[in-house]
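K.L.:
Coordinates for the following, if possible.
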Amino acid sequence: MQVNISSRRTHVTDRLTELTEEKIGRLDRFVPGLDRADVHFSEEQNPRITDKESCEVTIEGHGHHVRTKVSAPDAYTAIDRACEKLEHQLHKLKTKMHRHEHSGETSIRVDEPVPAPIDAEDSPVMNESTIVKKKQFVIDPLTPDEAVLKMELLGHDFFLFTNAETGQSAVVYLREDGDIGLIDAG
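P.N.:
You can find the predicted model right below:
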């Protein structure tokens, strides 16, 4: 797996680079075919924040995106925490893929790559509320189960998709009680 490391407002030492490449590189044992991992370290400048170092990791491959972001007192602890969370997410993905393969269901596709954003640019608008970021995505048809899986792997509270069953726009979202909701245009 190719591991790309970047940083903002912090210095990544050679030892941290080696450790990160080693730990992230071992994660492909959970789901074979993971192509790339982007690791981004940053440091919070606010003196009141104790967990100043942040580590954000996005792993792509085998048709999936898995993402996590953690904070810790130092970068070494941050990468350890990120790896723990990613291990849990990848184990969950592997279990779901295995379960669907053996049950004969075809609701989770693993051959098709997840479309990447086409364009991401800042676009301020002058009114009461300000749009500070604009993204455009290619939205492929998914089943609600696939959308829930992608939402969980990205660590988001909601996921916009085209429902393959209805052909309409739909959103799955995480409810306050921990269950998943589905809003389907009708």
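
K.L.:
Show me the helices in this protein, by range?
P.N.:
Taking DSSP state H to define them, one finds helices in the chain at 14-25, 75-103, 144-154.

K.L.:
Let me have the ones you listed in JSON lines, adding mean neighbour count, distance to Ile59 and mean pLDDT as columns.
P.N.:
All C-beta atoms are positioned from the backbone trio N, CA, C, and that covers glycine. Shown next, in JSON lines, are those (neighbours: other Cβ atoms under 10 Å; distance: least, Cβ to Cβ, whole Å; pLDDT from 0 to 100):
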{"stretch": "helix 14-25", "mean neighbour count": "15", "distance to Ile59": "8", "mean pLDDT": "95"}
{"stretch": "helix 75-103", "mean neighbour count": "16", "distance to Ile59": "7", "mean pLDDT": "86"}
{"stretch": "helix 144-154", "mean neighbour count": "19", "distance to Ile59": "9", "mean pLDDT": "89"}
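
K.L.:
Of all the helices and strands in this protein, which has the lowest average confidence?
P.N.:
The least trusted helix or strand in the chain, going by mean pLDDT, DSSP states H and E, turns out to be strand 119-121, with a mean of 45.

K.L.:
what's the domain layout of this structure?
P.N.:
Using automatic domain parsing, the domain parsing of the chain gives 2-103, 119-184.

K.L.:
closest one to Glu56 among the helices of the chain?
P.N.:
Evaluated over the helices of the chain, closeness to Glu56 peaks at helix 75-103, with 7.8 Å, by Cβ to Cβ.

K.L.:
what packs against that closest one?
P.N.:
Under the contact criterion of 3 or more Cβ pairs under 8 Å, 6 or more residues apart in numbering; DSSP states H and E, the helices and strands touching helix 75-103 comprise helix 14-25, strand 34-43, strand 53-61, strand 64-72, helix 144-154.

K.L.:
which stretches of the chain aren't confidently modelled?
P.N.:
Scanning the chain for pLDDT under 70 picks out 100-128.

K.L.:
swap the cut-off to 80 and go again
P.N.:
Within the chain, the stretches with pLDDT under 80 are 62-63, 96-129, 137, 186.

K.L.:
And for Val138, the neighbour number?
P.N.:
By other Cβ atoms under 10 Å, 9 other residues sit near Val138.

K.L.:
Can you list phi and psi of it for me?
P.N.:
Here is the backbone geometry of Val138 (degrees, to the nearest 10): phi -80, psi 130.

K.L.:
So what's the residue count around Asp74?
P.N.:
13.

K.L.:
give me every residue that touches it.
P.N.:
Glu53 (Cβ atoms under 8 Å, 6 or more residues apart in numbering).
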